Each structure stands twice: as C-alpha cells, then as structure tokens.
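> any chance you could fold what I've pasted below:
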Amino acid sequence: MLAETMCSAVSAAGLGIAAITAYRRRFLAATRIAAYSLVPVGLVLTGAVQWLVDTAFSPSAWLGFGLLGGAWLLFMTTRAVERRSGGSRRERKAAAAAQQRSADESGASRPALGGARPSTAPKATAADDFSDIEAILKKHGI
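Residues are numbered from 1 along each chain as shown. Model (predicted):
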C-alpha cells in the first residue's frame, strides 16, 4: 500500500514538472517528462510493484537470485578459461595432431633436448659492421 502511494506521488510530481515545462514553451521536454512520470502508475496498475515488494521481502526469492548469479558467474568463468586456453579439449587435440602431421610431412626432425642448433646465418666480421658507417662518412666528406 505504501509503495503504491509513493508511486502515485512521484507520478503527480512529475506531471506537475511537465506542466511547468510546457508553460515555458518547451513542449518536447514536457512530453518526455510526462511520459517518464506515467511509468510508476503504470507499474502499479500492472501489478509489477506488488510483485517486486513480495520478492524483496522473500528469503527464498533472494536465494533464487543468488543461485542464478552463482550459475552465471560459473558460466562466465568457464568461458574465460576456455578462451584463454585456446578452445575445448577436443579442439586442442585436433590442433596438436594437425601440427604433428605437418611436421612429419615436411621431413623436419625435432631437435634433441639440450642440443644446440647450428646457426645458418654467416657471421659478420668487424669490417662488415663498419663498412656502412664508412660509406656515410665518405659521402659527407669526413
């Protein structure tokens, strides 16, 4: 009963503000304020306010909301972990098998653990390192 009275008072105050706004010739804003003001009375007449009041003071309803929140939290956690790990277990196995097949087809052998791979790039000498610098200095006459 108290909630319905408060909603009616809020709507009446909003309609009063809308009337003052319309008096100032701001009709678009007045119409918008009037629309917002009618929402609380509409909620009272549909019974949504009574349902909300009954739910707010019901321990079983709050337990239900808590369980829904916990389920949502678990669901979002599993999705985040799945995205971070690169998919489901089946997808990871398929990707590993595809990678193994491509490595076997290319004929590449796996390096031994702890073994060093020989470098294929030629080693630069000190003369090679400074040749570019010498060319720039000669260009500028230094």
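> find the nearest non-adjacent residue to Thr55, please.
Closest residue to Thr55 apart from its sequence neighbours, by C-beta to C-beta, 6 or more residues apart in numbering: Ala61 at 4.5 Å. Where C-beta positions appear, they are placed from N, C-alpha and C, glycine not excepted.
> okay but that neighbour is in contact with Val53, surely?
No: the criterion here is C-beta atoms under 8 Å, and Ala61 misses it with Val53 at 11.1 Å.
> how near is the nearest residue to Asp54 once chain neighbours are set aside to Leu73?
Counting by C-beta to C-beta, 6+ apart, the nearest residue to Asp54 once its immediate chain neighbours are dropped is Ala61, at 7.9 Å. Distance, Ala61 to Leu73, using C-beta to C-beta, to the nearest Å: 19 Å.
> what do you get for Arg83?
Applying C-beta to C-beta, the value for Arg83 to Leu73 is 16 Å.
> ok, and the closest non-adjacent residue to Val10?
Using C-beta to C-beta, 6+ apart and skipping the chain neighbours, the partner closest in space to Val10 is Pro40 (5.1 Å).
> okay, now the one you found: neighbour count?
When counting by other C-beta atoms under 10 Å, one arrives at 21 neighbours for Pro40.
> next: the one 3 residues further on.
Here the neighbour count serves as a burial measure; for Leu43 (other C-beta under 10 Å) it reads 18.
> pretty sure it contacts Val49?
Yes: contact criterion C-beta under 8 Å: Leu43 and Val49 qualify, at 5.2 Å.
> shared neighbours, these two?
Cys7 (C-beta atoms under 8 Å, 6 or more residues apart in numbering).
> so, low pLDDT: which residues of the chain?
Confidence mapping of the chain against pLDDT under 70 gives the ranges 86-88, 106-128.
> next, the buried residues of the longest helix along it.
Scanning the chain for the helix with the most residues, using DSSP state H, yields helix 59-85. When burial is assessed from 16 or more other C-beta atoms under 10 Å, helix 59-85 yields no buried residues.
> hmm, who's touching stretch 25-38?
Residues outside stretch 25-38 that contact it (C-beta under 8 Å, 6+ apart): Val10, Ser11, Ala13, Gly14, Leu15, Ile17, Ala18, Ala19, Thr21, Ala22.
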